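Visitor: Show me how the following folds:
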Amino acid sequence: VYIVMASQFESFTYPFVIMFSIPFAMTGVFLGLAVTSTPLDLMGLIGAMMLIGIVVKNGIVLIDYTILCRERGMSVKEAVVAAGRSRLRPILMTTLTTVLGMIPLAVGRGEGAEMWNSLGMTVAWGLSVSTLVTLVLIPIIYSLFADYGQRRKEKKLAKKKQLVA
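Guide: Next up, the predicted model:
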């Protein structure tokens, strides 16, 4: 997944920033399973795989628009704020529909429902936690890496100017 994203973004940094939210999603998974005393079984692991896909997609949506804003000439801060404003609704809509869709699986009772409980809990809790991380920490991490990259470019340019002069 990392290599595919690196080739799409033509950068090794952006996929790292996007995938930074995966550990927080897993934290949400384990927190949710612990709070509800739901065991982690095969269906829970399948839910974790679904969760990783959704979390990465949310990060891609946010970072891709941020990069687009930067290419249009915005500063890092302006681009991060514009991307946050513009992509808040799509990310929240995805999260809300997925979490609400998982609630019947998570709380279902009856014959055969136990099999689906861990999948529902895994996706619902993990996505709830990771959405907060995606909307708050991912822009911060992006801006840190972008500022660092900008300073590095400026240093290289200054060295080139010194060598030419």
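Visitor: Could you check how far the residue most central in space within the chain is from residue 98?
Guide: The geometric centre of the chain, computed from its C-alpha atoms, lies nearest to residue 59 (C-alpha atoms, centre = their mean), at 3.6 Å. Distance of residue 59 to residue 98, computed by C-beta to C-beta, to the nearest Å: 15 Å. C-betas here are computed from N, CA, C, even on glycine.
Visitor: can you check residue 56 too?
Guide: From residue 56 over to residue 98 (counting by C-beta to C-beta), the distance is 14 Å.
Visitor: and if you look at residue 86?
Guide: 20 Å.
Visitor: Kindly report the same for residue 114.
Guide: 21 Å.
Visitor: what's the nearest residue to the residue nearest to the centre of the chain if we skip its chain neighbours?
Guide: Spatial nearest neighbour of residue 59, chain neighbours left out: residue 18 (3.6 Å); criterion: C-beta to C-beta, 6 or more residues apart in numbering.
Visitor: and the one you found, what does it touch?
Guide: Contact analysis of residue 18 by C-beta atoms under 8 Å, 6 or more residues apart in numbering lists 5, 56, 59, 60, 63, 138.
Visitor: need the next SSE after the helix or strand that it is a member of, C-terminal direction.
Guide: Here residue 18 sits within helix 13-19, counting by DSSP states H and E. Scanning forward in sequence from helix 13-19 by DSSP H and E, the next helix or strand is helix 22-36.
Visitor: Report the buried residues of that next one.
Guide: For helix 22-36, burial by neighbour count (16 or more other C-beta atoms under 10 Å) applies to 22, 24, 25, 26, 28, 29, 32, 33.
Visitor: CSV please, covering these and showing distance to residue 9 and pLDDT.
Guide: Shown next, in CSV, are these (distance: C-beta to C-beta, whole Å; pLDDT from 0 to 100):
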residue, distance to residue 9, pLDDT
22, 17, 92
24, 21, 91
25, 20, 93
26, 23, 94
28, 26, 94
29, 27, 95
32, 31, 93
33, 33, 93
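Visitor: Now distance to residue 79 too, for the residues you listed, in CSV please.
Guide: Below are the buried residues of helix 22-36 laid out as CSV (distance: C-beta to C-beta, whole Å):
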residue, distance to residue 79
22, 23
24, 23
25, 24
26, 28
28, 27
29, 31
32, 33
33, 37
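Visitor: Return the member of those residues nearest to residue 125.
Guide: Relative to residue 125, the closest of the buried residues of helix 22-36 is residue 32; by C-beta to C-beta it sits at 2.5 Å.
Visitor: From residue 52, how far off is the closest residue to that closest one other than its chain neighbours?
Guide: Sequence neighbours aside, residue 125 is the residue nearest to residue 32 in space, at 2.5 Å (criterion: C-beta to C-beta, 6+ apart). When distance is defined by C-beta to C-beta, residue 125 is 14 Å away from residue 52.
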